[in-house]
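Novice: This is a predicted model, with the sequence first.
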Amino acid sequence: MKKFVLSKEDSSPAQYSIPYEDLLNSAQLRAVMFSQGPALLVAGAGTGKTRTLVYRVARLVESGVDPSQILLLTFTRRAAHEMLRRASQILDERCRRVEGGTFHHYCSKLLHRHASHIGYPENFTIIDASDAMDTINLLRGRMDVGKNRKRFPKKSTLFSIFSSSVNKQKSVRDVVEEEYAQFTSHIGPVEQLFEQYCDYKEVNYVMDFDDLLVKTRDLLRDHEEVREKVASRHLHVMVDEYQDTNALQAELAALFSSTHNNVMAVGDDAQSIYSFRGADHKNMIRFPDRFEGAEVIKLEENYRSTQRILDVANQVLEQAKEKFDKKLFTNNEVGDLPGLVKSANMNDQSRFITQMILNLREQGYELNETAVLFRNGRDSFDLEVMLNRKNIPYIKYGGQKFTEAAHVKDVLAHLRVLINPKDLISWNRVLMLIDGIGPKTAEDLFAWAHQSGDPFRPADAPGASDKYLAQLKALGQLFAQLKKLSGSVTEQLQAVVDYYAIFCKKRFDDHPKRMKDLETFVDISGTYRSLEAMIEEIALDPIEATAIDTETSQKDEAPLILSTIHSAKGLEWRTVFLIQCLDGILPSGYAIDDEEQMDEEIRLLYVAVTRAKEQLFITYPALFQSRHGDYFTNPSRFIEDIPKDFLEPWLLVEESSKELEEGTSQGLIDE
């Protein structure tokens, strides 16, 4: 018998239309060209992680992989869309056919497609955190826990307990004992409430965000034929920001890639700062153990910051106990030494920052090229007073999302009811807009509606009071109109907004601004292919801004940025001020006795430092003033021992009358 050996037909770099070798550094190229098996890309801050992912998508498509067989999982849909847009620009439109999105969004697609396997109808609805809390509060009210002499957790705390239990794969009891010890006497009722909450969602065909992950995991784990069908489609799986995955998401990544085993996890363990959401940086540390034979590739060349800023970042990261060893370097200029600025008190700290910002502005820096970062939202209050006094415009990151605003949720509730008449929370919200209807009456009307043939005719309920009968009829007419308008999302939304206008005027003093929000909502609704798609996409990826939050009285230059460190992750500015860098704040006093938490506090400081491109100032007040009294402080233990060669001490001195007479300008004096 004769043998003929077939050579592999994998494309070589020379055969590609994109000159990858010229466009990428050696580590990036290694990641982009990686062909088969599991790989972990440890990408330090500013090292071109997104660029690498974009070129990897293009390279896979260019080498002949069917784009629909590539799964790109990110933590925001915007990130996935942007990556695929960029990949399409450097290659061609085939890249837009890559399956991309968040874990939650992709899991939702799978669950809708295979709903029958989990006992749900295809038209199940997804509730956001606010609706989930309202559901919990409804069930909490039925338990009469308010009669207990001891304080029972509020709906927001209960929601956090339940979510932590799911995302960290711990029992409710363990979460309460470890994180909410003040409520240990209520463990029994809290466990009972969790069971009732799960039962409610099953009965009413709704899922919260956590359910999307849990039920997808269960679907793939318990139904082998579904897992094989799903995983066989994924020739390549890529997971961005892997350091922010929780236990469920890490398990899902393994299930999605279980047929071909071609999975690349991309992230930076040193930027894992969301453990309070269930994120576990150990998913990165454990990746080589979970995926046997995994190749580890490190990106260490930074394209964002000066070397002196990176020197401080490396000094900070060296203090972490559990990490991948890496050292950031750059070919950028050396730059100025970062400054360690000790002020007498918080007021002097605020004076320094505002004066430096104005000096930078005079040197040609735009205000929005500068950011002030802090550990907690309250840490910037004194500075905000000073900025207002100096008439410096600023924006503070972390405002309310558009779809969390009460007026928008009211309108969405009507549409949720239309899609899923068994959605009790949305029914309650709709009915309680009507004068004279409270929680008990709303629940009675809901119960009657589901025993009758047509839940959309609440006015037909026996014993409906004359004081709200006319309004119930108007509501029934609205639902009849919405059914006739089926097929036009914009017309359906406009009908609800028109109906809601009278309620908006009664409920809110600033109703003109809120109606403006709703008009904008109607304008953009035409981009959604169906009402169901709009409701789901808004739940999974909320619209950000509202007119109430963003409308200003007059036009001004682009504002200065104030942000918590958590909200600043992924962003960058020419100049960064990190304020209130005190022991007890960074690290938090609550973390000091816990080695794992202290490592996360180190990572938080690392994230803050690596946001700066050209200039970095770390500031702290020697005297901390609070309503409980004044006390002397210590700088963060993480910066205290960094040598002066890396972090230069600055001295703040008051301008003397002699300097005023001689016309010495405010600012830096070299000694």
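Specialist: Structure received.
Novice: would you list every one of the strands in the stretch 401-550 of the chain?
Specialist: Ranges of strands in the stretch 401-550 of the chain, per DSSP state E, counting those that start in this stretch: none exist.
Novice: Which stretches in it count as helices?
Specialist: Here the stretch 401-550 of the chain has its helices, by DSSP state H, counting those that start in this stretch, at 406-419, 424-431, 439-449, 466-484, 489-507, 511-524, 531-540, 547-550.
Novice: helices or strands up against the longest strand that the chain contains?
Specialist: The longest strand of the chain (DSSP state E) is strand 612-626. Other helices and strands packing on strand 612-626, by 3 or more Cβ pairs under 8 Å, 6 or more residues apart in numbering; DSSP states H and E, are helix 307-317, strand 339-345, helix 346-362, strand 573-578, strand 629-632. C-beta: built from backbone N, CA, C; applies to glycine.
Novice: picking up where we left off before, from the helices of the stretch 401-550 of the chain, which stretch is densest packed?
Specialist: Of all the helices of the stretch 401-550 of the chain, helix 424-431 has the most neighbours on average by mean count of other Cβ atoms under 10 Å, namely a mean of 24.
Novice: And that one, how far out from the chain middle?
Specialist: 27 Å (Cα atoms, centre = their mean, to the nearest Å).
Novice: I'd like the mean pLDDT over that helix, please.
Specialist: Taken as a whole, helix 424-431 has a mean pLDDT of 88.
Novice: Next, the angle from it to helix 439-449.
Specialist: Helix 424-431 and helix 439-449 are oriented at 110 degrees to each other (axes from the mean of the first three to the mean of the last three Cα atoms, to 10 degrees).
Novice: Run through who's touching helix 424-431.
Specialist: Residues outside helix 424-431 that contact it (Cβ atoms under 8 Å, 6 or more residues apart in numbering) are 127, 131, 134-135, 138, 200, 204, 409-410, 412-414, 416-417, 420-421, 437, 439, 441-443, 445-446, 449, 458, 475.
Novice: about what we covered before: between the helices and strands packed on strand 612-626, which gets nearest to Ile642?
Specialist: helix 307-317 (4.9 Å; Cβ to Cβ).
Novice: Can you name every helix or strand that the closest one contacts?
Specialist: helix 595-609, strand 612-626.
Novice: Compute the inter-axis angle for that helix and helix 595-609.
Specialist: Between the axes of helix 307-317 and helix 595-609, defined by the same axes, to 10 degrees, the angle is 170 degrees.
Novice: Which of the helices and strands in the chain ranks last by mean pLDDT?
Specialist: Sorting the helices and strands of the chain by mean pLDDT, DSSP states H and E puts helix 547-550 at the bottom, at a mean of 46.
Novice: next structured bit after that one?
Specialist: For helix 547-550, the following helix or strand on the C-terminal side (DSSP states H and E) is strand 560-564.
Novice: C-terminal to that following strand, what's the next element?
Specialist: Past strand 560-564, the next helix or strand by DSSP H and E is helix 565-568.
Novice: Return that following helix as CSV; C-alpha atoms alone will do.
Specialist: Extracted in CSV, the C-alpha atoms of helix 565-568 (Å, rounded to 0.1, in the frame of the first residue of the first chain):
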residue,chain,number,x,y,z
ILE,A,565,-11.3,54.2,40.1
HIS,A,566,-13.8,51.4,39.3
SER,A,567,-15.6,53.6,36.8
ALA,A,568,-12.3,54.7,35.2
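Novice: Much appreciated, bye for now.
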